[in-house]
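S.K.: quick one, fold the following:
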Amino acid sequence: MKTLILALLLPAGLLAEAGFTALFNGRDMEGWEIDTPNIWQARDGMIVGRSPGLKYNDFLRARKSYSDFILKLSFRLVDGKGNSGIQFRSRPAVKLHEVSGYQADIGDKYWGCLYDESRRNKVLAQAAPESLAHVNKEGWNDYVITARGSRITLELNGVRTVDYLESDPAIEKTGFIALQVHGGPPMEVQFKDIRIQELK
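M.R.: Numbers count the residues shown, from 1 in each chain. Here you go, the predicted structure:
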């Protein structure tokens, strides 16, 4: 009952969950660094990335860095178009607008995959087709990203799509979280209920 009352009092887009801390307050971009101001905005309790068409990838970066954690959020690709992702254990890249690190991918041919952005530049773990049976390509989906030591797991709508063990000891085990709008044709991606639990 207390959880229900608290949820009713919170701003739209802000979900209370025991042990988790909200990364988005549902109102503005406090706690985030905007790369390109006309791309990102807080709207109707969501973080919205809207691209008029870009020649590069653009990222909204959380100011704090995290090592071991469980990250939960909901996302939607408007009309099912475009490509996006959630960066984690990331750092700025040499190339303008880019970041380097792991990415929980979003979009056709990449749903539920683990990608290595601006570092190894490849899919590290591909989601099995059967694990994507419940993906809503035009509606809301839920991601759970868990990073603990060298092990990374991704769950999409309650189904595990990736269980990855990093074998390279030189790869960073800490870094910021970021949201992506991929380069290419116009698109809009929406995120809400972004919350994190740090693991010891």
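S.K.: and after the worst-scoring helix or strand of the chain on mean pLDDT, which helix or strand comes next?
M.R.: In the chain, no helix or strand scores lower on mean pLDDT, DSSP states H and E than helix 2-9, which sits at a mean of 48. With elements assigned by DSSP states H and E, the helix or strand that comes after helix 2-9 is strand 21-22.
S.K.: show me what that following strand is packed up against.
M.R.: strand 187-198 (3 or more CB pairs under 8 Å, 6 or more residues apart in numbering; DSSP states H and E). Glycine gets a C-beta too; all of them are placed from N, C-alpha and C.
S.K.: which secondary structure element is home to residue 142?
M.R.: strand 141-148.
S.K.: partners of that strand in the sheet?
M.R.: Partner strands and pairing direction for strand 141-148 (DSSP bridges) are strand 69-77 (antiparallel), strand 151-156 (antiparallel).
S.K.: show me what the residue positioned nearest the centre of the chain is bridged to.
M.R.: Centroid-nearest residue in the chain: residue 86, 2.4 Å away (criterion: CA atoms, centre = their mean). Listed beta-bridge partners, residue 86: residue 104, residue 179 (assigned using DSSP bridges).
S.K.: list the contacts of it.
M.R.: The neighbours of residue 86, taking CB atoms under 8 Å, 6 or more residues apart in numbering as the test, are 71, 73, 75, 103, 104, 106, 143, 145, 177, 178, 179, 180.
S.K.: of the residues you listed - the most surrounded one?
M.R.: residue 103 (29 neighbours; other CB atoms under 10 Å).
S.K.: so that residue sits against residue 83, correct?
M.R.: No. Here residue 103 does not reach residue 83: they are 10.4 Å apart, not a contact under CB atoms under 8 Å.
S.K.: overlap in contacts of those two?
M.R.: Overlap of the contact sets of residue 103 and residue 83 (by CB under 8 Å, 6+ apart) consists of residue 180.
S.K.: residues contacting residue 28?
M.R.: With CB under 8 Å, 6+ apart, residue 28 has these contacts: residue 42.
S.K.: next: the one 4 residues further on.
M.R.: With contacts defined as CB under 8 Å, 6+ apart, residue 32 is in contact with 24, 40, 47, 60, 61, 62, 63.
S.K.: apply 7 Å and report the result again.
M.R.: By CB atoms under 7 Å, 6 or more residues apart in numbering, the contact set of residue 32 is 60, 61, 62, 63.
S.K.: same question for residue 177.
M.R.: Applying CB under 7 Å, 6+ apart, the residues near residue 177 are 62, 66, 71, 86, 87, 88.
S.K.: for residue 37, see how far away the last one is.
M.R.: When distance is defined by CB to CB, to the nearest Å, residue 88 is 23 Å away from residue 37.
S.K.: and the first one, by the same measure?
M.R.: As judged by CB to CB, residue 62 and residue 37 stand 17 Å apart.
S.K.: no further questions, thank you.
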